[in-house]
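Engineer: sequence-free structure coming up:
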């Protein structure tokens with residue numbers, strides 16, 4: 001279906017379809033029809049790659065072509081610096097060990113250790129002390145160099161063999177295109193632009209830094225396949241060492257993986273080593289890849305940026321050690337993500353299993369699945385040096401500028417790093433493609449009722465795809481294909497475990513089987529409509545009261561205050577437009593007004609005075625307004641749940657001594673409370689017990705000063721939590737029950753004013769009392785558990801700062 005005349009998005013270039021040995025040009029958003037009911041039809045991409053059982057000779061021929069490097073498989077004349085040669089790893093290790101930064105750090109650490117030994121009297125009396133110091137310092141430096149060399153060998157990627165890379169490409173493509181049976185799609189326009197940038201970068205010896213979003217382990221496989229097939233130098237990929245286990249670890253390291261620890265702690269040598277390696281890569285123009293979100297998103301939407309590796313990249317250029325690097329944000333979207341079932345288990349509180357070879361081998365079971373296709377989109381690359389200079393110019397021109405203007409200053413550097421991180425996320429959102437499965441999942445979770453007929457499903461998918469384009473987003477698979485075909489294909493990929501079908505009715509009817517898992521796909525669209533969702537939820541404070549249209553109108557001031565409250569509440573969840581609250585609010589109101597969803601009364605000067613639902617929207621059963629509310633309601637529920645759980649942190653009357661609670665156990669208790677409230681009907685959305693959303697809520701509570709967290713650098717001492725001063729509710733002296741009043745309760749009530757009113761629950765005194773009793777019950781169990789654990793992290797956290805500081809010094813002294 002071609003875009004409507006009102007769509008704002010420009011016409012896109014054709015797609016390139018990478019299917020094993022074949023690279024095919026298709027119209028934008030090309031879609032193949034779903035398989036027949038018999039299911040025996042194989043996609044042509046699988047036919048292009050011979051199967052051993054069906055055609056052993058053709059299979060062996062294809063393998064030999066890859067191993068021998070025939071044609072494009074030779075991977076010659078690659079755009080970028082040479083990496084695939086014998087001795088590459090040794091040269092890289094030597095280059096890292098020669099970096100001035102690493103040499104200085106080793107000297108500093110050796111000197112500090114000698115000073116500790118000298119103060120401890122371990123270097124003899126004054127007559128021999130000077131000689132012993134020199135000798136001892138040399139010994140320590142030698143030892144640290146050996147440690148650094150060993151760490152470097154375990155860290156760096158070892159892409160030394162073209163033959164190995166050819167075989168790895170063939171194997172990876174075989175596996176990937178058997179699971180994602182419609183292949184890997186990219187935009188021809190973006191690829192041509194990327195190749196042009198890569199050509200210029202190679203001449204200047206600049207690195208291309210790929211910064212993709214992260215939803216699946218398939219992310220780095222698909223990007224490596226694209227770079228290989230299009231003749232761009234393979235990037236060194238930052239990977240957590242949790243994947244570095246026997247067999248697979250070595251394979252990935254030789255295919256481009258750079259292993260790093262999940263946490264550096266206070267290991268100064270390791271931190272410097274990582275920075276030195278990144279400097280070496282960027283100084284020599286080697287391409288680089290790391291995931292801007294850190295870990296994989298378990299919720300389907302973009303996570304807040306992680307600044308660890310990003311900080312190293314920024315420091316390399318900001319310090320002048322690296323001339324420049326080219327930033328290329330990348331969006332990777334899937335019809336269906338392989339790991340969603342395991343994600344749901346983790347979000348419901350199940351511990352994440354440790355990665356091992358057996359689990360990876362068992363992944364072969366997905367190869368017979370038909371998971372659709374992978375869409376990879378590349379934002380226009382840009383210079384990191386130009387970004388830094390632009391931020392420096394903005395700061396120099398700022399009228400509010402005070403003090404030092406150097407970007408290296410700690411405060412300014414943090415601000416620069418945050419701006420960089422969110423710029424990359426914004427770029428990723430700008431090029432992301434909304435897949436049919438995301439459209440279907442979004443529609444199913446934003447309609448009232450148990451199910452939806454096929455005609456209605458198609459109509460709402462049409463409406464949603466139009467809204468996506470109108471917001472400047474991209475919709476995959478619609479060019480030249482009827483919406484019905486697209487919906488059929490999306491339903492086929494989602495499968496009966498996610499979307500059920502009721503047959504034998506006058507019209508085929510679909511319903512959400514696993515709403516929690518479908519929310520992963522809905523969250524892929526929410527970033528496009530976040531301002532509309534916030535405004536709709538703020539208006540709901542009046543709409544939920546019912547009555548006539550006038551009774552449901554909301555004043556602009558009240559609307560502004562509630563939107564501000566909600567946007568602050570979810571600043572860790574979503575990425576907002578950069579124009580500012582008032583400008584975003586005005587633009588959103590005008591957009592909703594143009595769509596005939598709301599009416600806005602204005603004064604003669606055009607200033608908004610109030611807003612309410614339009615007559616047209618009321619006649620349509622509020623379907624479009626409800627759509628925006630349904631998008632944000634699960635997140636409101638989750639944050640409300642987290643805030644209610646805080647009421648349980650009110651110390652019992654009999655608790656005389658201060659007891660700090662383990663924050664991880666407190667969050668687990670909040671999740672348990674949520675499951676109870678859901679099954680008792682006081683929580684509308686089971687996904688509100690989502691572990692990640694609750695963690696984000698607790699972070700906001702800390703930022704707002706509602707709770708105080710006590711953190712220790714000692715890994716054996718858990719982070720503890722307590723309600724901050726002024727936020728602790730009172731208890732009834734007679735009954736010991738928590739009194740529903742005070743700052744925390746007012747905060748909860750403000751959240752609750754935008755909660756969904758459902759058939760199974762109403763906000764009221766009875767509900768509040770029941771919820772508080774449950775929160776108190778769960779909280780008392782936390783206090784009892786903490787008080788009954790002698791010598792645990794709570795006791796240590798309550799030590800005086802002087803004692804804690806003494807212990808930290810003693811720990812650091814043990815080098």
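Structural biologist: Yep, that arrived. No experiment lies behind these values; they were computed from the predicted model shown.
Engineer: And stretch 154-163, how far out from the chain middle?
Structural biologist: Relative to the centre of its chain, stretch 154-163 is centred 28 Å away, using Cα atoms, centre = their mean, to the nearest Å.
Engineer: Kindly report the same for stretch 286-306.
Structural biologist: Worked out by Cα atoms, centre = their mean, stretch 286-306 lies 5 Å from the chain centre.
Engineer: Let me see the ranges of the helices in the stretch 201-350 of the chain.
Structural biologist: 218-229, 248-254, 268-283, 308-318, 340-347 (DSSP state H, counting those that start in this stretch).
Engineer: Please apply the same query to the stretch 401-550 of the chain.
Structural biologist: Counting by DSSP H, counting those that start in this stretch, the helices of the stretch 401-550 of the chain are 410-431, 436-444, 454-470, 483-494, 515-522, 530-543.
Engineer: packing partners for the fourth one?
Structural biologist: Same thing as helix 483-494. Packing contacts for helix 483-494, counted by 3 or more Cβ pairs under 8 Å, 6 or more residues apart in numbering; DSSP states H and E, involve helix 436-444, helix 454-470. To be clear about C-beta, it is placed using only N, CA and C from the backbone, and glycine gets the same treatment.
Engineer: and what of the longest one?
Structural biologist: In this structure, helix 410-431 packs against strand 207-212, helix 308-318, strand 325-334, helix 384-396, with contacts taken as 3+ Cβ pairs under 8 Å, 6+ apart.
Engineer: Helix 308-318 and that one, what's the angle between them?
Structural biologist: 110 degrees (axes from the mean of the first three to the mean of the last three Cα atoms, to 10 degrees).
Engineer: Just the residues contacting helix 410-431, thanks.
Structural biologist: The contact list for helix 410-431 (Cβ atoms under 8 Å, 6 or more residues apart in numbering) reads 190, 211-213, 292, 302, 304-307, 310-311, 314, 318, 327, 329-331, 377-379, 387-388, 391, 395, 404-407, 472, 474, 527-528, 575, 578.
Engineer: follow-up on the earlier one: mean neighbour count and distance to residue 153 added to the helices and strands packed on helix 483-494, as JSON lines?
Structural biologist: Shown next, in JSON lines, are the helices and strands packed on helix 483-494 (neighbours: other Cβ atoms under 10 Å; distance: least, Cβ to Cβ, whole Å):
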{"stretch": "helix 436-444", "mean neighbour count": "27", "distance to residue 153": "43"}
{"stretch": "helix 454-470", "mean neighbour count": "19", "distance to residue 153": "48"}
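Engineer: Turn the ones you listed into CSV, columns for distance to residue 785 and mean pLDDT.
Structural biologist: Below are the helices and strands packed on helix 483-494 laid out as CSV (distance: least, Cβ to Cβ, whole Å; pLDDT from 0 to 100):
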stretch, distance to residue 785, mean pLDDT
helix 436-444, 39, 95
helix 454-470, 47, 94
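Engineer: closest one to residue 650 among those helices?
Structural biologist: The closest of those to residue 650 is helix 436-444. By Cβ to Cβ, the value is 39.0 Å.
Engineer: Could you check the angle that closest one makes with helix 454-470?
Structural biologist: 110 degrees.
Engineer: contacts for helix 436-444?
Structural biologist: Against helix 436-444 from outside (Cβ under 8 Å, 6+ apart): 31, 333, 335-336, 372, 452, 457, 460-461, 464-465, 468, 475-477, 486-487, 489-491, 493-494, 498-499, 510-512, 518-522, 524-525, 631.
Engineer: burial count for residue 606?
Structural biologist: 8 (other Cβ atoms under 10 Å).
Engineer: residues in contact with it?
Structural biologist: No contacts exist for residue 606 under Cβ under 8 Å, 6+ apart.
Engineer: How is it assigned, secondary-structure-wise?
Structural biologist: coil (DSSP: H, G, I helix; E, B strand; the rest coil).
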